[in-house]
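In: Next input, structure requested:
(one chain, ligands or ions: 1)
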Amino acid sequence: MTEGTTRRRMLQLAASVPLAVTFGFAFSPLFRFLLPTRQPLDLLGPSDQPRALEPVTFTDSDFPEPWTCIPFMFQQSYKEYNPEGAEVRKIPGYAVKLPNGDVVAYSRICPHLGCIFNFVKDPDEAAKGYNFRPDGPVFACPCHLSVYDIAQNGKVVSGPAPRPPRKFEIKIEGGSYNIVSLEAGGIA
Ligand code: FES
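Out: A predicted model of the protein is given here:
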């Protein structure tokens, strides 16, 4: 390799550095979107997204019949600027067996203004207490009477709530149901 060729190579290399830096900055929002962190340059660190402290587990035998509803407490860890570096919040939930055999789980935090809603199995009770007669069991909020149809993915069927309650992700392993994470988002 001649001296001229070596110099050309080095100049090419030097010219490519600003180009690489520019591309790096241009794509960093994409990295941040895929892997959100609070450290400005921690592009490859673990995500700061909330995560479960440990899954909540049920087995098939916990749901002996359709519309069995089990309350549970899910512990979610959030990154915080405190001495522990995180804060654990408890999110109440319901796990319900649907008539088709599926088990679903929802946060009990009402998407309207954050009250804790109830599982109401009896349509007569819903009609008396929540001002709406459903066709089957529902979730119903005592604060402003929002009613959610569990059989229709938590659809709002009465009241002021803007959307269904947040759902938990369930991983099924053998005969057990592991509630592993909560749908992202705030109250509403
Ligand atoms: S907080 Fe539940 S309906 Fe308003």
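In: got the domain boundaries for the protein?
Out: Domain assignment for the chain by automatic domain parsing gives 1-46, 51-182.
In: Residue 16: how many residues sit nearby?
Out: Residues near residue 16, counting by other C-beta atoms under 10 Å, number 10. To be clear about C-beta, it is placed using only N, CA and C from the backbone, and glycine gets the same treatment.
In: Low-confidence stretches in this protein?
Out: 1-2, 31-43, 45-46, 186-188 (pLDDT under 70).
In: can you give me the strands in it?
Out: Along the chain, counting by DSSP state E, strands occupy 51-52, 56-59, 69-79, 86-97, 103-107, 118-120, 138-140, 147-149, 155-158, 168-173, 176-182.
In: would a markdown table of these with distance to the ligand and mean neighbour count be doable?
Out: Output for the strands of the chain, formatted as a markdown table (distance: least, C-beta to the nearest ligand atom, whole Å; neighbours: other C-beta atoms under 10 Å):
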| stretch | distance to the ligand | mean neighbour count |
| --- | --- | --- |
| strand 51-52 | 25 | 16 |
| strand 56-59 | 23 | 16 |
| strand 69-79 | 17 | 15 |
| strand 86-97 | 13 | 16 |
| strand 103-107 | 12 | 21 |
| strand 118-120 | 10 | 19 |
| strand 138-140 | 9 | 26 |
| strand 147-149 | 9 | 22 |
| strand 155-158 | 9 | 17 |
| strand 168-173 | 19 | 15 |
| strand 176-182 | 18 | 18 |
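In: Bridge partners for residue 72, pull those for me.
Out: Here residue 72 sits in beta bridges with residue 93, as judged by DSSP bridges.
In: Same question for residue 57.
Out: The partner residues for residue 57, given DSSP bridges, come to residue 178.
In: contacting residues for it?
Out: 176-179 (C-beta atoms under 8 Å, 6 or more residues apart in numbering).
In: do the same with residue 91
Out: 73-76, 107-109, 182.
In: Just give the nearest non-adjacent residue to residue 143, would you?
Out: residue 115 (3.8 Å; C-beta to C-beta, 6 or more residues apart in numbering).
In: how close does that neighbour get to residue 161?
Out: 10 Å (C-beta to C-beta, to the nearest Å).
In: Between those two, tell me which one has more neighbours.
Out: Neighbour count, other C-beta under 10 Å: between residue 115 and residue 161, residue 161 has more, with 23 against 15.
In: returning to that earlier point: need the overlap of contacts for residue 115 and residue 161.
Out: Joint contacts of residue 115 and residue 161 (C-beta under 8 Å, 6+ apart) are residue 141.
In: Just send the contacts of residue 57 back as a markdown table, with distance to residue 151 too.
Out: Shown next, in a markdown table, are the contacts of residue 57 (distance: C-beta to C-beta, whole Å):
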| residue | distance to residue 151 |
| --- | --- |
| 176 | 24 |
| 177 | 18 |
| 178 | 23 |
| 179 | 20 |
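In: Out of these, which comes closest to residue 144?
Out: residue 179 (27.3 Å; C-beta to C-beta).
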